[in-house]
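Got a sequence here, can you build the structure:
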Amino acid sequence: MPNMLAISFEGAFAPSILLHCLGKGRKLPDGWGIGYYPGGEPSAAILKEPAPPEASMRSELVRDWEHLEASVLMLHVRDARWGSISDANTQPFVRSWAGRDWVFAHSGSLRHRLELSVRPIFEPVGSTDTEAIFCELMSWVADGRYRSIRDIEAPTLRNWFDFVNEHGSMTSVLSDGRDLVVYADREGDQPVYVKRLAPPYQSVVLGDDDVDVDLTKRGAKARKGVVVSTTPLRLNGKDDPTWERVPNGHLLVLREGDVIREAVPQPIHGGEPTEGAAPRVFVARKVQQASDIAPIRTYDVLHRTVYRYEKPIEKSAHLFRLTPCHDRLQRVVSHEIAVSVEGLSRDYDDVFGNRVRRLVLDRPWTEMVVEARSVVQALDVDPLGFRPLLTHSTIPLIWMPWQRQVLQPFLLPPELPESELRELVEYSMSFVKRNNNDLLDTLLDMNGTIFREYQYIQGVTTLTTTPFDVYCNRRGVCQDFANLFICLARLLGVPARYVCGYIDTGPKNPNKVQSEASHAWVQVYLPEVGWKGFDPTNGMLTQTDHVRVATGRNYVDATPTSGTIYVGGGKETLEVDVRVEPIEGTA
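Here you go, the predicted model:
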């Protein structure tokens, strides 16, 4: 059975934990304990039981209590080596510092009792080696004036564990309610394993003959998580080969169900940690922090749409948003629209600043070909160029009343059931927590997560697919990913708008199909910066490979072609062909 188990989830989860080891006729452990942070509070709840009886009431509580809900949880089952069997010696242990509770659990044993500092700030209550380790660690944290795990560099924290590791087995987990630290013993005396959970899933029960942890008994949310265990567990009753062993001496920092930092082992000489080189094995979450400056590009764009009907159309009206935007980041060199059916037309700018052509046809037709040809110069070579100006914003954003009035159309999330919006709020807040409330890092993380964790599959969604549907099923096309990003951003109070245009993916890109049709992405309004483009379909910031055509609150405001048939019609056949070709010498 796992001597130690810990979980970090993207938002709160409510597991059901069944301790088979307390069943009738089983060899009972010397104690067990569970620590968690109810409701994301900085205060930890600890439930422990030394010398448990068979089928104890406390074990029934962790199986059936629906209030056992948190983002971080750890479970420890004791096999006593140090100290008497008592509450004081039963893990996990908790200490308060800097306005929050810190919880610690240790798997292994030191060869001798750790000598504490001359004047320790924290002192053990019991007599175990684990509590002595924890008190010394917390004294070191206090001496360094660190107020949270995020304040401590991962290599610095690893060096401390390395130093104590010289005195015996040191596989451990530590949490301050926000982050979860995992350290694997340098000598491999007690291995530790990691399993990454990725939605969508219906049932997740991890366990073995001694314990079952049901993560979905009280309802499954489309959230990712990381499970840490000293032994690989079965998944839904079957062997699970996806567990990854944490290499000896590695330290991982988890937050909101993701590995955000990693520190690899370093050589130790004479008992003191030293710096050296070691290969990275676990790849922490990648957030785009900088963008290479791209060359200015010029494109020849052809957008051809063909409508065919079984019966003649007697009268109709059409709107074409096919004219690329012309501003300081994009220049239209030439543009023309040709329509195969003659009618009355006029051009105007809509309320979102898009150039629109309205065409009214009052003569019969069964086929209409609309061809838009443009030569466009893309100039957005450095989308993060504002960072050296030290422009820094955190969530929540504060808007002046007149700003909010102007931005209101881009702050209102889609109309969804309140229960769905609440779950999407929790999901969006997981990005905020993972990135310390930094606005840009949150948006970059959101952009990259949708790219990595959602599948691009054509034909599985429609125009009526909601952001909540995409969140649950983790699949869709560019329009769906843009809608989800917009919804999450607006729920955080960040103005976001839908962008329709084109993308040059290059001839060998597996997503080349995106350049053969209109593409969709997002622009968010950053304070003192302006509108910036995020492409969650490709996990990138928009630069000189994107051509903007129209923007709006959603797809309806920016759709390339639309219309109304007043008389006639029948079965419709639609063909759309887009060609985005770089003009030689500009790439």
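
tell me the secondary structure for the closest residue to Trp399 other than its chain neighbours?
Setting aside the residues directly before and after it, Trp399 is nearest to Leu407 in space (C-beta to C-beta, 6 or more residues apart in numbering), at 6.7 Å. Placement of C-beta: from N, CA and C, glycine included. At Leu407 the chain is in helix, as set by DSSP: H, G, I helix; E, B strand; the rest coil.

do the same with Leu463
coil.

Show the pLDDT at it.
Leu463 is assigned 90 on the pLDDT scale.

residues contacting it?
Contact analysis of Leu463 by C-beta atoms under 8 Å, 6 or more residues apart in numbering lists Gln479, Tyr555.

any idea how far it lies from Gly476?
Applying C-beta to C-beta, to the nearest Å, the value for Leu463 to Gly476 is 12 Å.

likewise Arg150?
33 Å.

Settle it for me: which of those two has more neighbours?
Set Arg150 next to Gly476 and count neighbours by other C-beta atoms under 10 Å: Gly476 wins out with 25 against 15.

That one contacts Thr461, doesn't it?
Yes - using C-beta atoms under 8 Å, Gly476 makes contact with Thr461 at a distance of 4.6 Å.

low-scoring stretches of the stretch 101-250 of the chain, by residue?
118 (pLDDT under 70).

Grab the nearest non-local neighbour of the most centrally placed residue in the chain.
Central residue check for the chain by C-alpha atoms, centre = their mean: the C-alpha nearest the mean position is that of Thr449, 4.6 Å away. Nearest non-adjacent residue to Thr449, counting by C-beta to C-beta, 6+ apart: Phe431, 7.3 Å away.

Could you identify the longest helix within this protein?
helix 418-434 (DSSP state H).

helix or strand right after that one?
helix 439-453 (DSSP states H and E).

Specify the local secondary structure of the residue of the chain most remote from its centre.
Distance from the C-alpha centroid of the chain peaks at Arg363, with 52.8 Å (C-alpha atoms, centre = their mean). Following three-state DSSP, the label given to Arg363 is coil.

Tell me where the stretch 351-500 of the chain is predicted with low confidence.
Within the stretch 351-500 of the chain, the stretches with pLDDT under 70 are 388-391.

how close does the closest residue to Gly219 other than its chain neighbours get to Trp65?
Leaving aside its chain neighbours, Gly219 sits nearest to Ala14 (7.7 Å; criterion: C-beta to C-beta, 6+ apart). Separation of Ala14 from Trp65 (C-beta to C-beta) stands at 9 Å.

Settle it for me: which of the two has more neighbours?
Ala14 (19 against 14).

show me the contacts for that one.
Glu66, His67, Leu68, Glu69, Arg218, Gly219.

just the helices in the stretch 1-150 of the chain please.
In the stretch 1-150 of the chain, the helices defined using DSSP state H, counting those that start in this stretch lie at 57-64, 129-143.

Domains in the protein, by residue range?
What automatic domain parsing lists as the domains of the chain is 4-273, 297-379+561-582, 387-550.

Span of the second one from start to end?
It refers to domain 297-379+561-582. With C-alpha to C-alpha, to the nearest Å as the measure, domain 297-379+561-582 spans 7 Å from end to end.

Find the nearest non-adjacent residue to Asp62, please.
One thing to correct before we go on: residue 62 is Val, not Asp. Distances taken as C-beta to C-beta, 6+ apart place Ile17 nearest to Val62, at 4.5 Å, with adjacent residues excluded.

Run a quick check on the residue farthest from the centre of the chain versus Gly343, I expect a contact.
Yes - between Arg363 and Gly343 there is a contact under C-beta under 8 Å: 7.3 Å.

Tell me what Gln339 is bridged to.
Rather than Gln, residue 339 is Val. Val370 (DSSP bridges).

For it, list the residues it contacts.
Ser345, Leu359, Met368, Val369, Val370, Glu371.

mind putting those residues in TSV, neighbour count and distance to Thr561 included?
Output for those, formatted as TSV (neighbours: other C-beta atoms under 10 Å; distance: C-beta to C-beta, whole Å):
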residue	neighbour count	distance to Thr561
Ser345	14	14
Leu359	20	10
Met368	21	10
Val369	14	11
Val370	22	6
Glu371	16	11
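
export those residues to a markdown table and tack on distance to Pro92?
Putting the contacts of Val339 into a markdown table (distance: C-beta to C-beta, whole Å) gives the following:
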| residue | distance to Pro92 |
| --- | --- |
| Ser345 | 72 |
| Leu359 | 70 |
| Met368 | 70 |
| Val369 | 70 |
| Val370 | 66 |
| Glu371 | 68 |
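
Tell me the one of the residues you listed nearest Leu439?
Val370 (39.9 Å; C-beta to C-beta).

Quick check: the gap between the closest one and Leu110.
The gap separating Val370 from Leu110 is 76 Å, by C-beta to C-beta.

Could you report the separation of Thr465 from Ala489?
For Thr465, the distance to Ala489 - C-beta to C-beta - is 18 Å.

Apart from its chain neighbours, what residue comes closest to Ala55?
Nearest to Ala55 is Leu22, by C-beta to C-beta, 6+ apart, at 5.9 Å.

how close does that neighbour get to Leu322?
Leu22 sits 69 Å away from Leu322, going by C-beta to C-beta.

Neighbour count: the two, which is higher?
The residue with more neighbours, out of Leu22 and Leu322, is Leu322; 26 against 22, by other C-beta under 10 Å.

longest strand anywhere in this protein?
The longest strand of the chain (DSSP state E) is strand 297-320.

Which elements pack onto that one?
In terms of contacts (3 or more C-beta pairs under 8 Å, 6 or more residues apart in numbering; DSSP states H and E), strand 297-320 is packed against strand 355-361, strand 365-378, strand 496-503, strand 561-568, strand 572-582.

which of the contacts of Ala14 has the most neighbours?
Busiest of those [other C-beta under 10 Å] is Leu68, holding 21 neighbours.

so it sits right up against Tyr36, yeah?
Yes - shown here, Leu68 and Tyr36 form a contact pair, counting by C-beta under 8 Å, at 6.7 Å.

hang on, the earlier thing: quick one, which of the helices and strands packed on strand 297-320 is packed in tightest?
Highest mean neighbour count of the helices and strands packed on strand 297-320: strand 496-503, a mean of 25 (counted as mean count of other C-beta atoms under 10 Å).
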